[in-house]
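1. Okay, sequence plus prediction incoming.
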Amino acid sequence: MVLDFYFDFASGYSYFAARRIEWLAAAHGATVRWHPVLLPALTQVTGVLPSPVVPLKWRYVTRDMARTAQEEAIPFNPSAAFPQMLIAPGRAMLWIRAAHGEQAALAFARTCFQAYYADGVDIADKAVLLGIAEGQGIDGTAFLAGIEDPAIKQQFKQGSEDALAQGVFGVPFVLADGEPFWGYDRFGQLERWLAAAPRRAA
């Protein structure tokens, strides 16, 4: 079983999902493929306005995220810059994956989520990203050059287009061997679906 996990670093619900997805997969003998995407690229195609630009909806979302974090005992102290577009972290993750492997890329992604949503650090700041990368033993000069590499920029853009082609229209989004689950509020349903997988295969 493979779980394709689509997320945007700018999404608080993606942060919640990122804290749970690996545990959920391990509990059911699955593996996870992490796919950073840019949510505005998805919503532009669907015609849905991002929550932060709809004040009525955003007031609800901010309360719901705080409530979710409290109920699930998830540290939640977002950066003062939240909400904002976050392009550099996604590009950086892709470059680290290419240059240093999957585990380094996942460690970087998790640290970025922790920094932005729990420690209140602005990961749009490339100096912050540099510090995270160097903390993993990654050469800073190569890192800064890597996130500006046109090939990495194109790969990140292509990732959102590929996600749309798979039917992904929001984040967090999980494809469990092709079965779609949109939103962190569907993780309970995803967990039950995974638990039932052996019966479906019998």
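-> Yes, it's here. If you're wondering where the values come from, they're calculated on a predicted model, not measured in any experiment.

2. Dump the host helix or strand of P89 to PDB, restricted to CA.
-> In the assignment (DSSP states H and E), P89 maps to helix 88-100. The C-alpha trace of helix 88-100 is given here as PDB (Å, rounded to 0.1, in the frame of the first residue of the first chain):
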ATOM      1  CA  ALA A  88      11.000  28.300  -1.400                       C
ATOM      2  CA  PRO A  89      10.400  25.500   1.100                       C
ATOM      3  CA  GLY A  90       8.800  23.300  -1.600                       C
ATOM      4  CA  ARG A  91      11.700  23.900  -4.000                       C
ATOM      5  CA  ALA A  92      14.200  23.300  -1.300                       C
ATOM      6  CA  MET A  93      12.700  20.000  -0.400                       C
ATOM      7  CA  LEU A  94      12.800  18.800  -4.000                       C
ATOM      8  CA  TRP A  95      16.500  19.900  -4.300                       C
ATOM      9  CA  ILE A  96      17.400  18.100  -1.100                       C
ATOM     10  CA  ARG A  97      15.700  15.000  -2.300                       C
ATOM     11  CA  ALA A  98      17.600  15.100  -5.500                       C
ATOM     12  CA  ALA A  99      21.000  15.900  -3.900                       C
ATOM     13  CA  HIS A 100      20.800  14.100  -0.500                       C
END
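
3. What's the local residue count around L190?
-> 23 (other CB atoms under 10 Å). Placement of C-beta: from N, CA and C, glycine included.

4. G170 now?
-> If we define neighbours as other CB under 10 Å, then G170 has 19 of them.

5. which residue ranges form the helices in the protein?
-> 12-27, 39-46, 55-71, 88-100, 102-117, 126-135, 140-146, 150-165, 187-195, 197-201 (DSSP state H).

6. So which of these is the most surrounded?
-> Of all these, helix 88-100 carries the top mean neighbour count, a mean of 22, counting by mean count of other CB atoms under 10 Å.

7. which residues sit against that helix?
-> 8-9, 34, 36-38, 104-105, 108-109, 112, 123-124, 126, 129, 133, 136, 138, 142-143, 146-147, 149, 152-153, 155-156, 159 (CB atoms under 8 Å, 6 or more residues apart in numbering).

8. Could you give me the buried positions within stretch 27-38?
-> Within stretch 27-38, the residues that count as buried by 16 or more other CB atoms under 10 Å are H28, A30, V32, W34, H35, P36, V37, L38.
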